[in-house]
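1. what follows is a predicted structure for the sequence shown.
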Amino acid sequence: MPNQPSLRALADRCRVEDGARFRLRHVDPDDTAHIESAEEAAKGLAEGLDALRELQQKLYAQDCWALLAMFQGIDAAGKDSTIAHVMSGVNPQGCQVWSFKQPSQEDLDHDFLWRTTRCLPERGRIGIWNRSYYEEVLVVRVHPELLAAEHLPKPLLTKHIWRERFEDIVAHERYLTRNGVAVVKFLLHISKKEQRRRFLARLQQRDKNWKFAPGDIAERGHWGEYQRAFDEMVRATSTEHAPWYVVPADHKWFARLVVAAALVETLRGLGVDYPKLEPRSSARSEMMHAMFTGASLQVTLAVPSVVASVEFYRKVLGFDFQGYWDPATRRALQEWTSATSPWYAEVRAGESRIGLRPGGGVIAGVELSLTVNDLGAFFEQVRRAGGNPSAPEQQAWGAKLFTVTDLNGVRWSFMEGTKR
C-alpha cells in the first residue's frame, strides 16, 4: 500500500476540530487522500475491520463504555451501504442498529430527543444510528412547516429555535459522554453530480428500484438549502467530546475506509481492554498453578438451601443429576434437619463425578466429594456465572483450602487433595 495514510491519519483528515472555522464548501466530496483505487482501499479497510473486531470484543468484555455512531447525509449519500460494510465483521451481539425515518405521532407528542434517547446503546455495545435527532435541524429546517406537527407552544417558535436546538444537542452529547457513552458523528458528503448518478442507478437497476421514491426528486430541488443546513449543523455542534467527521463520499470505498478508521481511533482513545485479574499475594499464583494442573478436591459445606446451590451448579456446569432426584425428594431436601434421610444423588460430567449425601445438625447440611480433571476450567465456569473463588490458604496439615461464594450467597469450601 504505497503512500497510503494510516488509519489515524485518515481519521484526523476528516475530523472537524474547530467547528467555528469549518466550511462545507472547502470539503471536496471527490477526495480520496491520494488512494488511487478501490482495490488499494480494500487492503486498508481489511486492516481497519480486523482492528475494529478486536476493539469491539474488548469494549464488550470491559463493559464500561458504550460507543454511539451517528450517520447523516443527503439522500443517496451511502449511509446504508457504509454501515453494512463497516460493521460486517463486528459481532452482532455487541451492536445495535437503528434507522430513524419519519417520526410517528407518538414521537411528535414528545420532545425532539425522546425517540432517539430510547435507543441509546448499553455499556459494552456499539450503537449505530442511521439518521438521528439531527434531522430536527436539517429536514425540519429546510421544511419549517413540519414544526407545526410537533405542537410546540407558539411562544417557543421564534427565530432562535435552531440555535436553541443546537445548544440542547451539544448539552445532550456532553451529558452522554459524561455518562460513559462516547459519541462520534459522520456526515457523508457527496456532490450533486454523484447524487444524480446514484438516483439513475436506482431507476435502471432492478435490485435498486425499491430505494427510489418520487419525493427524492423534490428534495433534490432543495440541494442548496440542505448544504447550508449541513454547514451550520457541523459548525454549531462539532465539539471535542462529540466530533463530526465530514467524509468525502463520492467514492463509497473511500468513505467506508474513513468511517472504519474513525471508529478504530475512537475506541483506541477510550483505552478499552480485556479485564485483568487483580494482582494479589503469591497464594494466587499457587492457586492458578493448581487450577491448570488438575487436582482431586474434597468439599464440605453446610447451606440453608441445597436445592438452590445444587441447581446453580447444575445450570452453570451442565451436570446431569441422576438417582433419587424427583419433585418429592426436592421438597424433602428443603425440610431435612438431620442426617436420617436415606438420600443419595450422583452427578456426572464427563470423567468428573460428584456424590451428595445429607449431613447433620443443620437445616440442609451436605457432604460433597468432587473429582475434576481440569480445575482451571471448573473455576473459570464458576467465575463466569458470578462465583467468586478465593486465593488458597495453606492448612497446617499441608493441604490447600479454597472457598467459592456462589450467586445465592452460599460459601463452598474446597480442599485440594491428591494431584492426578
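-> On my side now, so go ahead. Residues are numbered from 1 along each chain as shown.
2. what about stretch 184-196, average pLDDT?
-> Stretch 184-196 shows a mean pLDDT of 97.
3. which parts of it are buried?
-> By 16 or more other Cβ atoms under 10 Å, the buried positions in stretch 184-196 come out as 184-190, 194-195. (Each C-beta comes from the backbone N, C-alpha and C, glycine too.)
4. cool, and stretch 63-72?
-> Of the residues in stretch 63-72, 65-72 count as buried by neighbour count, 16+ other Cβ under 10 Å.
5. using CSV, list the CA coordinates for that stretch.
-> Only the C-alpha atoms of stretch 63-72 are listed here, as CSV (Å, rounded to 0.1, in the frame of the first residue of the first chain):
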residue,chain,number,x,y,z
ASP,A,63,-18.4,-3.3,30.0
CYS,A,64,-17.7,0.3,30.9
TRP,A,65,-18.0,2.4,27.8
ALA,A,66,-20.7,2.4,25.0
LEU,A,67,-20.0,3.8,21.6
LEU,A,68,-22.7,5.7,19.6
ALA,A,69,-22.0,6.4,15.9
MET,A,70,-24.5,8.6,14.0
PHE,A,71,-24.7,8.8,10.2
GLN,A,72,-26.2,11.8,8.4
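6. low pLDDT regions in the stretch 201-350 of the chain?
-> Residue ranges of the stretch 201-350 of the chain with pLDDT under 70: 277-350.
7. can you give me the helices for it?
-> Under the criterion DSSP state H, counting those that start in this stretch, the stretch 201-350 of the chain contains helices at 215-220, 223-237, 252-270, 282-291, 306-317, 327-335.
8. hang on, isn't His211 packed against Ala201?
-> Just to correct that, residue 211 is Lys rather than His. No. Look at Lys211 against Ala201 with Cβ atoms under 8 Å: they stay out of range, at 9.1 Å.
9. the two: who's more crowded?
-> Lys211 (16 against 13; other Cβ atoms under 10 Å).
10. walk me through the domains of this protein.
-> For the chain, the structural domains run 7-270, 282-416, going by automatic domain parsing.
11. would you mind measuring from the nearest residue to Ser104 once chain neighbours are set aside to Leu108?
-> Leaving aside its sequence neighbours, Ser104 sits nearest to Arg115 (Cβ to Cβ, 6 or more residues apart in numbering; 7.9 Å). With distances taken as Cβ to Cβ, to the nearest Å, Arg115 is found 9 Å from Leu108.
12. these two: which is more packed in?
-> The residue with more neighbours, out of Arg115 and Leu108, is Arg115; 18 against 15, by other Cβ under 10 Å.
13. what's the next secondary structure element after the lengthiest helix in the chain?
-> Counting by DSSP state H, the longest helix found in the chain is helix 38-62. Later in the chain than helix 38-62, the nearest helix or strand by DSSP states H and E is strand 66-73.
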